[in-house]
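Chemist: Provided below are the primary sequence and the corresponding predicted coordinates.
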Amino acid sequence: MSFRRFFRRRERDRELAGEIDSYIAHEIDRNLARGMNPSEAREAARRKFGNSTLVREATYEMNGIRPMETIWHDVKYGLRQLRLSPGFAATAVLSLALGIGANTAIFQLLNAVRLRSLPVQNPHELAEVKIAGGHGGWGVGNGWIAEVTYPLWEQIRDHQQAFSSVFACGVDRIGWGTGNQLKIADGLFVSGAAFQTLGVLPHRGRLLALEDDQRGCGTGPAVISHSFWQREWGGRDDVIGARLVLNDRPFSIVGVTPPEFTGLEVGKTFDIALPVCTRALWGYPLERRDLWSLIVHGRLKPDWTLTRAAAHVKAISPALFEAAAPTGYGANSMRTWHNFRLTAEPGGRGVSRLRKDYQTSLWLLLGITALVLLIACANLANLLLARAAAREREIAVRLAIGASRPRLIFQLLSESLLLAVMGGALGAGVALLLSQLLIRFISTQRDSFQLDLAADWRMLAFTTFVAVATCVLFGLAPALRSTGIDASSAMKSGGRGTTADRRRFGFQQALIAAQVAISLVLVTGALLFVNSFRNLATLDTGFRQEGLVASYIDFGRLSVAKEMIPAFQDDLLAKVREIPGIQSASTTTNTPLSGSSWTLGIRAPGFEGTGKDWSKFTWIRPRYLETIGIRLTAGRDFNDLDTANSRKVIIVNETFAKRIFGGESPIGRTVISRAEPGYPEMVHEIVGVAKDVKYAALREEIPQVSYAPQSQNPRSGPWMAVMTRSSLPSNQVASAIQRVIASANPQIYVRSEILREMVNDGLVRERTLAWLSGFFGALAALLAMIGLYGVISYMVAKRQSEIGIRLALGASRAGILRLILRQVAALLAIGIVGGAAMSLAVSRSAESLLFGLKPQDPATLIAAAAVLAAVALAASFIPAFRASRVDPMSALRQE
Amino acid sequence: MLQGTLDMLVLKTLAPGPAHGHTIAYAIERSSDEVLQVEHGSLYPSLHRLEDQGMIASFWGTSENNRKAKYYRITPKGKGRLSTERSRWESLVRAVTRVLGPATE
């Protein structure tokens, strides 16, 4: 074999033709010399030479590249075979496309949130500096991108030596525009060195630099993102120098970031980037030491490893936390603070809530889709086996006349490879659609995600790998099996399948049992997730969510004097209460089930031994409990006589009463809340006990909660959250509130949420898992049933003459039915036992995603097995029934 | 004909000097007392294989009949191959003869 010869072989063939002509000419000369006439001479010369075409072919082939030629031939042969049975080809390609597509879609999401690096320079050199194990809700958190406080960031910046440069970054919403046209933009607050450290270069103008970020800075430069630029300025170049009014303060745009840079959070985008020092302009005093609002990243120095950097920041931690320590906390709290230690973690992939929330689910889904693909492969393998049986005689003939077995196996495999490649190509398209759909599915109104799902080498490699693996999975076994026949006996039997039928049936039956087993795992998983979702969705929260609307009202732009705030709030609340159809309305500082919480340390004199030295605190106005539907089991609600200057009172929930006071009545007892910045130590008297309701999240155990009157809230800001109950449609209520507040003053910002929807949005992960696992579980069962139906039909057809004989000898039709169904039942039993064992083994991995049931829930397993068994028996009843209707005479005559 | 024997006969025929296909075919037929009757065409794949292996080389020339013909000549590598093939053949023949023993008839 030689490539040079391979490409020259046409030329060489011509040369050989010339040689042959030369031979014939010489031979004719010779024959003429021996006295033949010319036509005799020509004939004799041809005879002497022999078959010239054969000679040329032999030489041509010698110059060929065998394997390459063979592959090409096999592919052509395979295509022809597929064209002969378009139904089979379409079924196979479609089921593979769906299977591979689903796998690739899940992989794409995993790739985007888990594997892909930020589009910045040398992302692997980036590290995030944060408190080891997080701050655990100590102090005040602002959003979820909040790992360090501003003073702590300054300490890190000034004292670390591991990084060539470090930067801080935080996110917040910013109102932009003027007057009534206020729009909300996603703001990215970065320290001066951010863009330079990341190595992000400006798309237009310049990006922020060190001198832009100085404590005490006023309004100044702003940088906008590429998408914001396109959206709001249509990509015009005159954007540089344009004025941008942010929360009523003028900024000027100095640059645009490149399109691929969307901030440090995967799945999120930003609109406007500002120096972090500007946060002070809007009431975030930078020196506030208890407010977590930033994350810190750094680029490692060339000779520093991540481990060394982590050890370094840990070593300097005590001094940093000492220097940045907040004041106004009790000794207990401060002990926690001083025990905080910094660490360094890989930062090149950015931060991601999607990753945190969905990583386990995505791996699980990848497992589920892989299993579905496996079932689809088993079906295809069965189909191919049946086809191979039909081609048995052809294969036997080819073996008999000397085809080598590897050559035949390869030829059969190339047909599967063709199917897999077509399925894979189509699957890649399906994946692009599916992954977009999935992103839409997990995006909610409050929280939408944009992921870069463009195909990259990882996705291509994954799809190729899956396609080839599936080809081998469904193609190899039938190829091996159908070429492993005894050629002579296959020929002798005249094409009727007497060859190793038992063995082949055995293999097909094993495939069916495996399919049943895998389906059981998937159906069990589906039932677990669906039940878990139902448990959460129908969970008794302790109050009726329907008809509740929570409106967040911010009047910070009006500069209401601090002492006037309570009266202003009362006034707005009165306006809301006047809206026709609103049954009741009141305010709270904490909307239930919104995920936020507020904790204070407490002490109950005389009951200190309980170990429960904290309570959630919510400040409410009178009739709040009634509005939301919390009944008082003892004592009284707050009223207008509970004022800032009267005795401090609280209502506690039942959990509080039980945990702190045991069986004793809490009414009239004293609770002391510990000091925190802005919250001096206070002595409260308990005046009521409220029914327990869910607090921050559905999944959480109900904590001890104290309700205090808003009039006694030591920190009342220019905002309020109004909870209304109405029997009118919630959308109508929300827009009515919007109207009423806007007519009071258009500068007031209102955002309303329907509580029921908010709670539903909070279940988006569980709902997604329930839907997807349910879908894949049903698909798996369906595929397995199709496989079962096919194999039983095939077996019945092959055994038709045997059944005919049995009937002729006096077997009853019911007996035949029993004979077939008994076989199915045996397969089912094997599959279900195997599947149950597999389910028990793997379900543990889903434990953290379940609610209200154990992963090894026996009822679920039994239900799944029952469903599967019922469907399987139904699927095999049809061919079994058909077998029992066989006419013995015609069955025998066929023999 | 035994596998590889044809190659050896071709090399032997070309040992005295270059020849074209027609000549080689008749030379083999004649020198083997017409025992080795083959279709002359089957010679050509063998010629091409030997040329690919570098045992023989080829050139186009004009024959004694004044016709175009492709001539083959043996290369030094081919000469080496011929002598090893010859000694292998002879030892094979000796071995077979010893096994068969003298003819009893």
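Modeler: Sure thing, it's come through.

Chemist: which ones are touching the closest residue to chain A within chain B?
Modeler: For chain B, the residue positioned closest to chain A under CB to the nearest CB is B:Glu39, at a distance of 3.0 Å. (C-beta placed from N, C-alpha, C; glycine too.) For B:Glu39, the contacting residues are A:Lys48, A:Phe49, A:Gly50, A:Asn51, by CB atoms under 8 Å, 6 or more residues apart in numbering or on different chains.

Chemist: Mark which of those residues are buried, thanks.
Modeler: For the contacts of B:Glu39, a neighbour count by 16 or more other CB atoms under 10 Å in any protein chain shown gives the buried set as A:Lys48, A:Phe49, A:Gly50.

Chemist: Please name the residues that touch the first one.
Modeler: This means A:Lys48. The contact partners of A:Lys48, taken as CB under 8 Å, 6+ apart, are A:Glu27, B:Glu39, B:His40.

Chemist: just these now: which is nearest B:Tyr26?
Modeler: The shortest approach to B:Tyr26 among the contacts of A:Lys48 belongs to B:His40, at 8.2 Å (CB to CB).

Chemist: Can I get the contacts of A:Lys48 in TSV including distance to A:Gly199?
Modeler: Compiled in TSV, the contacts of A:Lys48 are given as follows (distance: CB to CB, whole Å):
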residue	distance to A:Gly199
A:Glu27	80
B:Glu39	76
B:His40	76
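
Chemist: that older thread, report the separation between the residue of chain B closest to chain A and B:Glu29.
Modeler: Using CB to CB, to the nearest Å, one gets 11 Å for the distance from B:Glu39 to B:Glu29.

Chemist: do the same with A:Ile748
Modeler: According to CB to CB, A:Ile748 and B:Glu29 sit 114 Å apart.

Chemist: Around chain A, pick out the residues from chain B.
Modeler: Listed as neighbours of chain A in chain B under the rule CB under 8 Å from any CB of the partner chain: B:20-22, B:25, B:39-42, B:44-45, B:48-49, B:52, B:63, B:65, B:67-70.

Chemist: From the residues you listed, keep the buried residues only.
Modeler: For these, a burial check counting by 16+ other CB under 10 Å picks out B:20-22, B:25, B:40-42, B:44-45, B:48-49, B:63, B:69-70.

Chemist: Take these and keep only those in strands.
Modeler: Residues from these lying in strands, with DSSP state E as the criterion: B:His20, B:Ala69, B:Lys70.

Chemist: can you tell me the helix or strand for the residue lying closest to the last one once chain neighbours are set aside?
Modeler: Read that as B:Lys70. For B:Lys70, ignoring the flanking residues on the chain, the nearest one in space by CB to CB, 6 or more residues apart in numbering or on different chains is A:Glu19 at 4.9 Å. Counting by DSSP states H and E, the element that carries A:Glu19 is helix A:9-33.

Chemist: Could I get the CA-only coordinates of the helix or strand following that helix as PDB?
Modeler: On the C-terminal side of helix A:9-33, the nearest following helix or strand under DSSP H and E is helix A:38-49. Listed next in PDB are the C-alpha coordinates belonging to helix A:38-49 (Å, rounded to 0.1, in the frame of the first residue of the first chain):
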ATOM      1  CA  PRO A  38      -5.300 -12.000 -39.600                       C
ATOM      2  CA  SER A  39      -8.700 -12.700 -37.800                       C
ATOM      3  CA  GLU A  40      -7.500 -16.100 -36.600                       C
ATOM      4  CA  ALA A  41      -4.200 -14.500 -35.500                       C
ATOM      5  CA  ARG A  42      -6.100 -11.900 -33.400                       C
ATOM      6  CA  GLU A  43      -8.400 -14.500 -31.800                       C
ATOM      7  CA  ALA A  44      -5.500 -16.800 -30.900                       C
ATOM      8  CA  ALA A  45      -3.500 -13.900 -29.400                       C
ATOM      9  CA  ARG A  46      -6.500 -12.900 -27.200                       C
ATOM     10  CA  ARG A  47      -6.800 -16.500 -26.000                       C
ATOM     11  CA  LYS A  48      -3.200 -16.800 -25.300                       C
ATOM     12  CA  PHE A  49      -3.200 -13.700 -23.100                       C
END
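
Chemist: Show me what secondary structure element comes after helix A:38-49.
Modeler: Immediately after helix A:38-49, counting by DSSP H and E, sits helix A:52-62.

Chemist: and the very next helix or strand once past that following helix, what other elements does it pack with?
Modeler: Towards the C-terminus, the helix or strand next in line after helix A:52-62, according to DSSP H and E, is helix A:66-84. Counting contacts by 3 or more CB pairs under 8 Å, 6 or more residues apart in numbering or on different chains; DSSP states H and E, helix A:66-84 is packed against helix A:86-110, helix A:405-442.

Chemist: among the ones you listed, which is the most enclosed?
Modeler: Comparing the helices and strands packed on helix A:66-84 by mean neighbour count (mean count of other CB atoms under 10 Å in any protein chain shown), helix A:86-110 ranks first with a mean of 22.

Chemist: Find out how far it is from the centre of the chain, if you would.
Modeler: On the basis of CA atoms, centre = their mean, to the nearest Å, helix A:86-110 is displaced by 18 Å from the centre of the chain it belongs to.

Chemist: packing partners for that helix?
Modeler: Applying 3+ CB pairs under 8 Å, 6+ apart, we find helix A:86-110 packed against helix A:66-84, helix A:353-390, helix A:405-442, helix A:457-483.

Chemist: residue boundaries of the strands in the stretch 551-700 of chain A?
Modeler: Shown for the stretch 551-700 of chain A, the strands assigned by DSSP state E, counting those that start in this stretch span residues A:582-588, A:599-603, A:614-620, A:632-635, A:649-653, A:670-673, A:682-690.

Chemist: okay, the ones you listed in JSON lines with distance to A:Ala875 and mean pLDDT next?
Modeler: Conversion of the strands of the stretch 551-700 of chain A to JSON lines gives the following (distance: least, CB to CB, whole Å; pLDDT from 0 to 100):
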{"stretch": "strand A:582-588", "distance to A:Ala875": "55", "mean pLDDT": "94"}
{"stretch": "strand A:599-603", "distance to A:Ala875": "57", "mean pLDDT": "88"}
{"stretch": "strand A:614-620", "distance to A:Ala875": "55", "mean pLDDT": "93"}
{"stretch": "strand A:632-635", "distance to A:Ala875": "56", "mean pLDDT": "92"}
{"stretch": "strand A:649-653", "distance to A:Ala875": "54", "mean pLDDT": "94"}
{"stretch": "strand A:670-673", "distance to A:Ala875": "65", "mean pLDDT": "92"}
{"stretch": "strand A:682-690", "distance to A:Ala875": "56", "mean pLDDT": "94"}
